[in-house]
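Participant: okay, predicted coordinates and the sequence, questions at the end:
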Amino acid sequence: MTDTVKYLLDEEHIPKDWYNIVADLPRPPEPVLHPGTMQPVGPQDLEPLFPMALIQQEVTAERTIEIPEPVRTVYRQWRPSPLYRARRLEQALDTPAKIYYKYEGVSPAGSHKPNTAVAQAFYNKEAGVRRLATETGAGQWGSALAFAGALFGLDVRVYMVKVSFDQKPYRKAMMEAWGAQCVASPSGETEAGRRILAQHPNSPGSLGIAISEAVEIAAQHADTKYSLGSVLNHVLLHQTVIGQEAMAQLEIAGDYPDIIVGCTGGGSNFAGIAFPFIGAGLRGGPKPRVIACEPSACPTLTRGKYAYDFGDTGHLTPLVKMHTLGSTFVPPGFHAGGLRYHGMSPLVSLIQELGLIESRAYTQTTCFEAGVQFARIEGVLPAPEANHAVRGAIDEALRCKEEGVPRTILFNLCGHGHFDMQAYIDYMAGRLEDRAYDSAELDAALAALPRVAAE
Ligand SMILES: Cc1ncc(COP(=O)(O)O)c(C=O)c1O
């Protein structure tokens, strides 16, 4: 038993419920505001965009939500995902730390994103929806929704951030193979896209812009709803299968984490691994240190303001209270496309305000350095986004070495990087730059935050 490398659970141990951390927080999340009235939205305000089952999940304070059997049936294909003990990495770092990683790259799309894509496709199909519109940054989310749409018979239209669209043509091909359509964003198809192109014909795009395009399409077509791959409460909820499984797998290993590490774009894979453990701590259990790792070129948690802001650049979405760099902020075109979002999930933001997590920012070259080191030692080639978590975990393991303390580290290896090889080519050729964001642009974006009386 002592040399075990992977901890597997059988299909019967796929969680039966998603875990909702709202039930255990000392204060409830701030209300979502209507962009016109600045008053709290009601379920009916969200109905043009989402099916009622997902709206209910967005606002519920119930601790557990039962996972519908058809969703668990699809999960069986790759869930429970493996938990690995990175024994070779521990040896190479010569650290007394134990390092575990939960590997979500085993899903058909290659990341954690299908955990929510399958659930969202299921609820939309049940509500009689014909088509879903969405955005994608890395291409992982668009692929995941294309896969889920194929299983549930839904058309899927994906607005893919231009810089990623150009970097990753095979992601587009993958989405099309599953029957979806993928368009570079900003596009000329929507008012929001045309407005950006008129001002910035060479715009690299951003998640905030692509969200505006997808929301606009959903709002204009009765048979189309909008689907979001991160940020919202129901998305984070669906991802909690990751942490629940990890807890059961660590129990088999006879361990419990002292430190949990995840990367943060909109917060969903981080919440997925961390929330079940944070919740257990809030209910009187052990309290691990939880560390969110973000890109220093888009430092939402470490530099952003905790304020009400729009979820998109075109100001079509409701306002949410979150850590934000300002909805008009367009981060430089670095390679972790899934982390190029101006905001952060309201729940992850609140949890940071409550002092339950720490956050730190890394440059992309230090993250690729960690990712290549990890690949050479452990074999798995991480997605550029996941490299931020690898960096954080390695740094913590090295700290254990310095301090001579044998801590247990758990991190989320949320996706593989098989479609991100241009980034690795650039890194290995020494061409990867650490482009700083434009401080004047950030200041302007923060100065333009909407004024909300409730703050
Ligand atoms: C592999 C991967 N990791 C992380 C992210 C960031 O999203 P989140 O913070 O919601 O997990 C993305 C988003 O596209 C992704 O593709």
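Facilitator: Great, that's in hand.
Participant: got a list of what residue 224 touches?
Facilitator: 129, 130, 131, 132, 133, 157, 217, 218 (Cβ atoms under 8 Å, 6 or more residues apart in numbering). Heads up, the C-betas are built off the backbone N, CA and C, glycines and all.
Participant: isn't the first one up against residue 51?
Facilitator: Think residue 129. Yes. Under the criterion of Cβ atoms under 8 Å, residue 129 makes contact with residue 51 at 6.4 Å.
Participant: give me the common contacts of the two.
Facilitator: residue 225.
Participant: how close does residue 22 get to the ligand?
Facilitator: From residue 22 across to the ligand, the span is 18 Å (Cβ to the nearest ligand atom, to the nearest Å).
Participant: distance of the residue nearest to that residue when sequence neighbours are not counted from residue 334?
Facilitator: In space, residue 22 comes closest to residue 61 once its chain neighbours are excluded; the distance is 5.0 Å by Cβ to Cβ, 6 or more residues apart in numbering. Per Cβ to Cβ, to the nearest Å, residue 61 is found 37 Å from residue 334.
Participant: higher neighbour count, the two?
Facilitator: residue 334 (24 against 11; other Cβ atoms under 10 Å).
Participant: could you give me the PyMOL syntax to select whichever of the contacts of residue 224 are buried?
Facilitator: Command for PyMOL that selects the buried part of the contacts of residue 224, burial taken from 16 or more other Cβ atoms under 10 Å:
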select buried, resi 129+131+132+133+157+217+218
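Participant: which ones among the contacts of residue 224 map onto strands?
Facilitator: Judged by DSSP state E, strands contain the following of the contacts of residue 224: 131, 132, 133, 157.
Participant: who in the stretch 101-250 of the chain is up against the ligand?
Facilitator: 111, 137, 138, 140, 141, 230 (Cβ under 6 Å from any ligand atom).
Participant: out of these, show me where the pLDDT dips lowest.
Facilitator: Lowest pLDDT within these is found at residue 138 (89).
Participant: tell me which stretches of the stretch 151-300 of the chain form helices.
Facilitator: 162-167, 169-177, 191-199, 207-220, 233-239, 241-253, 268-282, 300-303 (DSSP state H, counting those that start in this stretch).
Participant: can I get those helices in a markdown table including distance to residue 83 and mean pLDDT?
Facilitator: Shown next, in a markdown table, are the helices of the stretch 151-300 of the chain (distance: least, Cβ to Cβ, whole Å; pLDDT from 0 to 100):
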| stretch | distance to residue 83 | mean pLDDT |
| --- | --- | --- |
| helix 162-167 | 29 | 94 |
| helix 169-177 | 26 | 97 |
| helix 191-199 | 41 | 97 |
| helix 207-220 | 29 | 96 |
| helix 233-239 | 16 | 98 |
| helix 241-253 | 4 | 98 |
| helix 268-282 | 10 | 99 |
| helix 300-303 | 26 | 97 |
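Participant: out of the contacts of residue 224, which comes closest to residue 234?
Facilitator: residue 132 (14.4 Å; Cβ to Cβ).
Participant: just the angle between the helix or strand that contains residue 322 and helix 207-220, please?
Facilitator: Using DSSP states H and E, residue 322 sits in strand 319-324. Per axes from the mean of the first three to the mean of the last three Cα atoms, to 10 degrees, the angle that strand 319-324 makes with helix 207-220 is 160 degrees.
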